[in-house]
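> pasting the sequence and the predicted model now:
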Amino acid sequence: MKCIYPDCISSISADEENADYPVDNLLDEHPKKVWKGESRDAIVTAVITAGGALVVFATNATSVSLVISSGQSISWAGGISWDSGISWDTSGDSDVSETTLLSGEIDGVAWWDFAAARTSNFTAIISLTADAGKIIQAGIVRCGTANAYRDPNAGIREGLRDYSIVKELSNGATYIRKRDVVRTFEFDLWEDRDTDFYLFMLDVSRALGPEPMPWRIMDTVTDEEWIVFARFDRMPGGAHDLPAQSRINISLLEVL
């Protein structure tokens, strides 16, 4: 299991945006409050202070690719000249990920784990392409520390919570106002008490509180159904059942 916290994106921009759906929407906590481009493809650029994973939620892209670079530009003081024929490498330290292919539905998710966590400033260039005739959009971009834990124990419980309004009228008829239906997850995982248990309970859960963050519930499964932008439905709790290991119970509620 992995969760991305804290988020370390310091700024974000796009080569195109609809004025009613600005790129800053990618940094809020509402996936349905989307950024939209003006064509079927666009490039989003994020400046990040550190990170080990990056995720894009709620996109209608059919393909998403990522380039990360820590290269920095150099400007020379006035009066300095170099011999003819000299050229300088300005490409920096780049790492191109494999392109992620998605369904093109509005709830697409793309997650990348970096080969090595980056501890200093870098730039992430995200290229998104939708089907012909559609306008590219995305709801959330997050990049930061990839907190890694064991995958949950067997017996993960997954359900749905319906926020629709259902009322019985005075004549016996039923009034229904359809609203969002979100996913719920509940599971247990075993962690080493002196390290991962307290890191999760204090450095992540207590620091995060009710705010949502990206979760990859099963790290050994690549299906995007196991990647969710969610908050704690209730704060996690633990049981110190063994001398060196503790069991954590986690309950998550998807945020749309």
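Here it is on my side, so go on.
> off-centre distance for stretch 241-256?
Remark: stretch 241-256 is offset 20 Å from the chain centroid, using CA atoms, centre = their mean, to the nearest Å.
> which other residues reach that stretch?
For stretch 241-256, contacts defined as CB atoms under 8 Å, 6 or more residues apart in numbering pick out 29-32, 152, 161, 180, 182-194, 197, 200-201, 212, 215, 217, 228-234, 236-240. Using the backbone N, CA and C atoms, a C-beta is placed for each residue, glycine as well.
> how about stretch 186-196?
Under the criterion CB under 8 Å, 6+ apart, residues 1, 149-153, 155-157, 197, 200, 217, 233, 240, 244-252 lie in contact with stretch 186-196.
> and the helices in this structure?
For the chain, the helices defined by DSSP state H cover 198, 207-208.
> just the ones of the contacts of stretch 186-196 in strands?
Per DSSP state E, strands hold the following members of the contacts of stretch 186-196: 157, 233, 245-252.
> now render these as a markdown table, adding pLDDT, neighbour count and distance to G108.
Output for these, formatted as a markdown table (pLDDT from 0 to 100; neighbours: other CB atoms under 10 Å; distance: CB to CB, whole Å):
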| residue | pLDDT | neighbour count | distance to G108 |
| --- | --- | --- | --- |
| R157 | 97 | 11 | 25 |
| D233 | 97 | 16 | 24 |
| Q245 | 94 | 15 | 37 |
| S246 | 96 | 21 | 36 |
| R247 | 96 | 17 | 34 |
| I248 | 97 | 21 | 30 |
| N249 | 98 | 13 | 30 |
| I250 | 98 | 26 | 25 |
| S251 | 98 | 16 | 25 |
| L252 | 98 | 25 | 20 |
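> now for these: which two are most distant?
D233 and Q245 (24.3 Å; CB to CB).
> got the domain boundaries for this protein?
2-72+93-148, 157-254 (automatic domain parsing).
> which of the ones you listed has the lowest average pLDDT?
Of all the domains of the chain, mean pLDDT reaches its minimum on domain 2-72+93-148 (a mean of 92).
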